[in-house]
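Asks: predicted model follows, preceded by the sequence.
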Amino acid sequence: MEGHELWLSKCSEMGYEPKARLYAEGTRTSQDAADQLGCDVAHIAKSIVFAGQDGAVVVITSGANHVDRKRKLKRLLGHKPSMTDAEYIIENTGYAPGGVPPFGHTKPCSVFLDEDLLQYDLVWGAGGTAQTVFPITPDELVSLSGATVADVKQ
């Protein structure tokens with residue numbers, strides 16, 4: 001099953017109906033997505049995947065921020081999570097890098113949300129591929145992802 005179809009199936013299981021948009025030019029990076037949408041890169045809710053001791057750790061962060069895994073994630077998890085490669089990301093979330101959604105993963109993941117995203121009325125996340133994005137309120141994002149809101153930026 002293609003990434004977007006998989007994600008839509010997961011959304012349906014959760015009772016969520018996203019209003020996803022497809023961009024043939026791609027939205028692989030936060031800046032690509034912001035350019036396509038005509039919004040500030042800070043409104044992009046990018047999903048970064050790390051390897052934790054008990055499985056994947058997904059950090060949903062503002063496109064304007066970098067994740068501080070050496071200090072802040074280590075404090076939250078009790079250990080410093082490792083960087084990952086495409087194979088690990090696909091195996092643990094079901095999606096390829098650039099298209100990892102903030103929720104609807106195929107395996108259980110620990111999820112953290114950058115507190116900076118809460119200041120916006122609407123943010124944009126990946127919809128299962130590097131060509132799809134969807135709008136969501138930060139409150140819905142926290143609820144659907146089960147994320148712990150935290151200060152994760154460098």
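Replies: Looks like it came in fine. Residues are numbered from 1 along each chain as shown.

Asks: give me the phi and psi for T61.
Replies: Main-chain torsions, T61, degrees, to the nearest 10: phi -130, psi 160.

Asks: quick one: the residue nearest to it when sequence neighbours are not counted and L8, what's the gap?
Replies: Spatial nearest neighbour of T61, excluding adjacent residues (C-beta to C-beta, 6 or more residues apart in numbering): D114 at 3.9 Å. For the C-beta atoms, the positions are set from N, CA and C on the backbone; glycine is no exception. Distance, D114 to L8, by C-beta to C-beta, to the nearest Å: 25 Å.

Asks: residues near the nearest residue to D54 once chain neighbours are set aside, how many?
Replies: Leaving out its chain neighbours, the residue that sits closest to D54 by C-beta to C-beta, 6+ apart is S110, at 7.2 Å. By the other C-beta atoms under 10 Å criterion, the neighbourhood of S110 contains 20 residues.

Asks: before we move on, what about L22?
Replies: L22: 11 neighbours (other C-beta under 10 Å).

Asks: next up, the contacts around it.
Replies: Counting by C-beta atoms under 8 Å, 6 or more residues apart in numbering, L22 makes contact with H4, Q131, T132.

Asks: burial measure for S47, as a count.
Replies: Using other C-beta under 10 Å, S47 has 24 other residues around it.

Asks: got the CA coordinates for the host helix or strand of it in PDB?
Replies: Per DSSP states H and E, S47 falls inside strand 44-52. Provided in PDB are the C-alpha atoms of strand 44-52 (Å, rounded to 0.1, in the frame of the first residue of the first chain):
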ATOM      1  CA  ILE A  44       5.200  23.100   9.000                       C
ATOM      2  CA  ALA A  45       5.000  20.300  11.600                       C
ATOM      3  CA  LYS A  46       7.800  18.100  10.500                       C
ATOM      4  CA  SER A  47       8.200  14.600  11.900                       C
ATOM      5  CA  ILE A  48      11.700  13.600  12.800                       C
ATOM      6  CA  VAL A  49      12.400   9.900  13.600                       C
ATOM      7  CA  PHE A  50      15.000   8.800  16.100                       C
ATOM      8  CA  ALA A  51      15.900   5.300  17.500                       C
ATOM      9  CA  GLY A  52      15.100   5.000  21.200                       C
END
